[in-house]
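Peer 1: Following is a predicted model, sequence given first.
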Amino acid sequence: MQQTFRLAATAVCPSLFIRRQPVIGAPAVLYVHGATFPSALSVGFDFGGAPSSGSWLDDWNRRGFDAWAFDFAGFGESGRYPEMQEPADRHAPPGRAEQAAAQIAAVLVLVRRETGRQRVSLVAHSWGGMPTGLASIAAPAAVERLILFGPIARRTGSVPVTLPAWSDVTADAQHARFVEDVPTDHAPVLEGFDRWAPVYLASDPDAAARMPPAVRIPNGPRADIADAWAGRLAWDPAKLTRPLTVVRGAWDSLCRAGDAAMLLDEAREAPERADIVLDAGTHLMHLETGRHRLRDAVGRSLKGESR
């Protein structure tokens, strides 16, 4: 049975919503979501049916893990930044990696207190790997291992951009982004989007009032990605001292072979390093027909198995 928690708002952070599917006494794993949708639409989304029944949280429970997830401020059931209620061009993007890392740290305190575990494994998707890296470097004693699914790495050549505080993202825009990396001669791999889309819109109580309906997101994550591709990554993998695994779909254009190599090559102090490439998957493999391969790869990595 799922449990929920809420960390109260502070002077610098809105309230944070946390969900747990417990296996009492088991190793704990915390999921960190990416730049545009919250935990209920990722690790918590229930696909139903075989071969990958239920949600990713359910899968972790079946593998013997105490499963946790939370929503960053500005997403899902967490509180919203005040800047998101004002014109987008009035403020810089909130929710940058350093702010988000502080939120992960606060959630880790809760997870460790509730579970009694000294260390928690972290599984982060996409941009979420940046604040997760920062949090893991700041408190290595709290982290068992770090698994980055489709992480954003430093690139060079892009021109720095200035973004507004927030963006409104429609379900159609998400769908276009989700399918763009699938080869044109391959059958579709995105699954359950007809059920995913209304849940996504419902994650923002004001979405229906916009025309077209859209979810408002803080642009801090997008600003971090733009900076990373202009040569300024928000965290330094060379300072990481916990085991690191990169898991990515072979079609993922946001995490290519060179991106994985950059992160792993620089993470020289990590006691274990691995790059796992999964066939027929994109940056959104956790929402695709091949998600069972992703879940298995991450599940094995959580137990210290590189393959």
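Peer 2: Done, it's in. Residues are numbered from 1 along each chain as shown.
Peer 1: Could you list the low-pLDDT ranges of this structure?
Peer 2: Across the chain, residues meeting the criterion (pLDDT under 70) sit at 49-52, 306-307.
Peer 1: for it, which helix is longest?
Peer 2: Secondary structure assigned by DSSP state H gives helix 97-115 as the longest helix of the chain.
Peer 1: helices and strands around that one, which ones?
Peer 2: With contacts taken as 3 or more Cβ pairs under 8 Å, 6 or more residues apart in numbering; DSSP states H and E, helix 97-115 sits against strand 3-7, strand 16-21, strand 28-32, strand 66-71, strand 120-125, helix 129-138, helix 220-229. Any C-beta I mention is one placed from the backbone N, CA and C, and that applies to glycine too.
Peer 1: Parallel or antiparallel, which strands does the third one pair with?
Peer 2: Taking DSSP bridges as the criterion, strand 28-32 forms sheet pairs with strand 66-71 (parallel), strand 120-125 (parallel).
Peer 1: and the angle for it with strand 16-21?
Peer 2: Between the axis of strand 28-32 and that of strand 16-21 there is an angle of 140 degrees, by axes from the mean of the first three to the mean of the last three Cα atoms, to 10 degrees.
Peer 1: next helix or strand past strand 28-32?
Peer 2: On the C-terminal side of strand 28-32, the nearest following helix or strand under DSSP states H and E is helix 56-62.
Peer 1: tell me which element residue 245 falls in.
Peer 2: If you go by DSSP H and E, residue 245 is part of strand 244-249.
Peer 1: how many degrees apart are the next helix or strand after that strand and helix 129-138 in direction?
Peer 2: As assigned by DSSP H and E, the chain's next helix or strand after strand 244-249 is helix 257-266. Helix 257-266 and helix 129-138 are oriented at 10 degrees to each other (the same axes, to 10 degrees).
Peer 1: Packing partners of helix 257-266?
Peer 2: Contact partners of helix 257-266 among helices and strands, from 3+ Cβ pairs under 8 Å, 6+ apart: strand 244-249, strand 273-278.
Peer 1: For the residue positioned nearest the centre of the chain, give its distance to residue 73.
Peer 2: Most central in the chain under Cα atoms, centre = their mean is residue 33, positioned 2.3 Å from the mean C-alpha point. Separation of residue 33 from residue 73 (Cβ to Cβ, to the nearest Å): 12 Å.
Peer 1: same check, this time on residue 207
Peer 2: When distance is defined by Cβ to Cβ, residue 207 is 18 Å away from residue 73.
Peer 1: Show me which of these two is the more surrounded one.
Peer 2: Higher neighbour count among residue 207 and residue 73: residue 73, with 27 against 20, using other Cβ atoms under 10 Å.
Peer 1: For the more buried one, which non-adjacent residue is spatially closest?
Peer 2: Of all residues not flanking residue 73 in the chain, residue 14 sits nearest, at 4.3 Å (Cβ to Cβ, 6 or more residues apart in numbering).
Peer 1: Let me know the secondary structure of that neighbour.
Peer 2: Under the three-state scheme (DSSP: H, G, I helix; E, B strand; the rest coil), residue 14 adopts coil.
Peer 1: And it, how far from residue 92?
Peer 2: Counting by Cβ to Cβ, the gap from residue 14 to residue 92 is 16 Å.
Peer 1: can I get the strands paired with strand 28-32 in TSV with distance to residue 152 and mean neighbour count?
Peer 2: Below are these laid out as TSV (distance: least, Cβ to Cβ, whole Å; neighbours: other Cβ atoms under 10 Å):
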stretch	distance to residue 152	mean neighbour count
strand 66-71	19	27
strand 120-125	10	25
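Peer 1: Using CSV, lay out those together with distance to residue 154.
Peer 2: Below are these laid out as CSV (distance: least, Cβ to Cβ, whole Å):
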stretch, distance to residue 154
strand 66-71, 26
strand 120-125, 16
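Peer 1: Let me know which of those is the nearest to residue 249.
Peer 2: Across these, residue 249 has its closest neighbour in strand 120-125 (11.6 Å, Cβ to Cβ).
Peer 1: could you check the angle helix 97-115 makes with that closest one?
Peer 2: Here strand 120-125 runs at an angle of 140 degrees relative to helix 97-115 (the same axes, to 10 degrees).
Peer 1: Now do the same contact list for residue 25.
Peer 2: Residue 25 makes contact with residue 66, according to Cβ atoms under 8 Å, 6 or more residues apart in numbering.
Peer 1: Is it correct that it falls within a helix?
Peer 2: No: counting by three-state DSSP, residue 25 falls outside a helix, being coil.
Peer 1: measure it to residue 302 for me?
Peer 2: As judged by Cβ to Cβ, residue 25 and residue 302 stand 16 Å apart.
Peer 1: For residue 115, give its distance to residue 109.
Peer 2: As defined by Cβ to Cβ, residue 115 lies at a distance of 11 Å from residue 109.
Peer 1: Noted, bye for now.
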